[in-house]
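Undergrad: model this:
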Amino acid sequence: MSGLSTSLPEFTEKLLSAARGAGADAADALASMGSAIEINVRSGVLEQAERSETMDLGLRVFVGQRQAVVSGSDLRDGTLTTMAERAVAMAKEAPDDPYAGLAAPEQLAVDWNIEALELYDTQPEPSAGALEADALAAEAAALGVAGIEQVDAASASYGSGQVHFQTSAGFAGGYQRSNRSISCVAIAGSGLQMERDYDFDNRIFQEDLADPAEIGAKAGARAVARLKPSKPPTGQFPVLFDERVASSLIGHFLSAINGASVARGSSWLLEGLGQQVFPDGTQLIEDPHRPRVAGSRPFDGEGLPTQRRALVENGVLIGWTLDLASARHLSMPPTGNASRGVSAPPSPSNWNITLMPGLHTQADLIRDMGTGLLVTSMIGSTINPNTGDYSRGAAGVWVENGVITHPVSECTIAGNLRDMLRGFIAANDARAHLSRRVPSLLIDGMTIAGG
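TA: Below is the predicted model:
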């Protein structure tokens, strides 16, 4: 665990010791610390500079099958003792939870190679001046696009942090992370005819970050492309979800296979295990061990080892996303997907997701879709988690006979996720560095409500 602050293991050990002294039967403790700096510019000058430093502690205790969680940022020994005493008192008043409890020793991660995941950039933290220069470069590039009247926001940021997790069952581990980002939001047009769009990049390593001028130019070009939109016709049409928004569809699917939802009986895929949910030949892979990717991690929030696994194989759903509690509820083995913060118990969450690409470019799908809508942005949502009924506000460009004709906005697209996901056609344009790699997706026969 090279580079970890020695204070974090000390604090988790103190919390566990305090919990034992307060009468807890078992406990786990999480300590995190980090720093972040963000620079925003507007009209060529610095608009805002923020820096934050955080240190947070969380303690979960068990008294029999009752549990409670407390958190704080006061690091004094007396406060840690008080935290433990209050947690134990809360647990004694909590209802019994037959599924609560720590991992058994044989379930815990015992060996991992954190260096292989490349989660932390050892280069020095960029100065505020360097971040300001990046933000200014992005803004200038956006303003250089013909038709751009102003830049709503251009920013650059850097953050780093570390976590340490320890349980009374014998697990202890931690790691560091870093994060570097640039974003730009450009506005085209004026008055009531203004349109906006954006671009951004977010990486672990500075050397992987996109050029700020490229970010600004893309934001500007996208905003200009949205000028003078009209409403599309109402009816049944194919809808092509651009790569920037297609991952939201997979996000709805991931929510439906989340063990907590399944255990509650509130998922439209409640009976979906072993059933066809995607087109034949489609794979959806979770891989928390991809280097230099934000969703990578060596162990989950309960100390279990993470693993590469298929969620969908040949279009068939073969696995839920489970933490310990949901796994016990469903009488299934856990999948190493517990996520947690300092102030709440663990809950199931997915790590890096890849929808295997298709054979087509987005241009191929536009050419072949005939007449329909290419969606580039969405607002609002009405998703029924029990039935999968789907409705969202959308904007994008209209396609006639396989050719993009004009921008559209102020429309609603609707369908049912079960049908939508079972019949999509995937492009091959997913960005390789994203934690959720999903290409553009073409779905036939959706309902569009426009003008």
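Undergrad: low-confidence stretches in this structure?
TA: Low-confidence regions of the chain, defined by pLDDT under 70, span residues 1-6, 451.
Undergrad: could you chop it up by domain?
TA: For the chain, automatic domain parsing gives the domain ranges 7-223, 229-451.
Undergrad: now mean neighbour count too, for those domains, in a markdown table please.
TA: For the C-beta atoms, the positions are set from N, CA and C on the backbone; glycine is no exception. A markdown table is the format used below for the domains of the chain (neighbours: other Cβ atoms under 10 Å):
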| stretch | mean neighbour count |
| --- | --- |
| domain 7-223 | 18 |
| domain 229-451 | 19 |
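Undergrad: so where do the helices sit in the stretch 151-300 of the chain?
TA: 212-224, 243-256, 259-264 (DSSP state H, counting those that start in this stretch).
Undergrad: contact partners for Leu209?
TA: Applying Cβ atoms under 8 Å, 6 or more residues apart in numbering, one finds that Leu209 lies in contact with Arg180, Ser181, Ile182, Asp201, Arg203.
Undergrad: which one of the helices of the stretch 151-300 of the chain lies nearest to Phe62?
TA: For those, proximity to Phe62 was assessed by Cβ to Cβ; helix 259-264 is nearest, at 19.1 Å.
Undergrad: please name every helix or strand in contact with that closest one.
TA: Counting contacts by 3 or more Cβ pairs under 8 Å, 6 or more residues apart in numbering; DSSP states H and E, helix 259-264 packs against helix 324-330, strand 347-348.
Undergrad: which residues touch that helix?
TA: Looking at what lies outside helix 259-264 - Cβ under 8 Å, 6+ apart - the contacts are 255, 267, 269-270, 320-323, 325-327, 329-330, 335, 337, 347-348, 385.
Undergrad: what's the residue nearest to Gly319 when sequence neighbours are not counted in contact with, if anything?
TA: Leaving aside its chain neighbours, Gly319 sits nearest to Leu311 (5.4 Å; criterion: Cβ to Cβ, 6 or more residues apart in numbering). Neighbour list for Leu311: Ile257, Leu284, Ile285, Glu286, Leu317, Ile318, Gly319, Thr321, Ile353 [criterion: Cβ under 8 Å, 6+ apart].
Undergrad: tabulate the helices of the stretch 151-300 of the chain (JSON lines), appending distance to Asp419.
TA: Formatted as JSON lines, the helices of the stretch 151-300 of the chain follow (distance: least, Cβ to Cβ, whole Å):
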{"stretch": "helix 212-224", "distance to Asp419": "30"}
{"stretch": "helix 243-256", "distance to Asp419": "12"}
{"stretch": "helix 259-264", "distance to Asp419": "20"}
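Undergrad: who are the packing partners of the helix or strand where Ala36 lies?
TA: Applying DSSP states H and E as the criterion places Ala36 in strand 26-42. Applying 3+ Cβ pairs under 8 Å, 6+ apart, we find strand 26-42 packed against helix 7-22, strand 45-63, helix 128-143, strand 148-167.
Undergrad: tell me what angle it forms with strand 45-63.
TA: Strand 26-42 runs at 170 degrees relative to strand 45-63, counting by axes from the mean of the first three to the mean of the last three Cα atoms, to 10 degrees.
Undergrad: show me what strand 26-42 pairs with in its sheet, parallel or antiparallel.
TA: If you go by DSSP bridges, strand 26-42 pairs up with strand 45-63 (antiparallel), strand 148-167 (antiparallel).
Undergrad: that's all I had, so thanks and see you.
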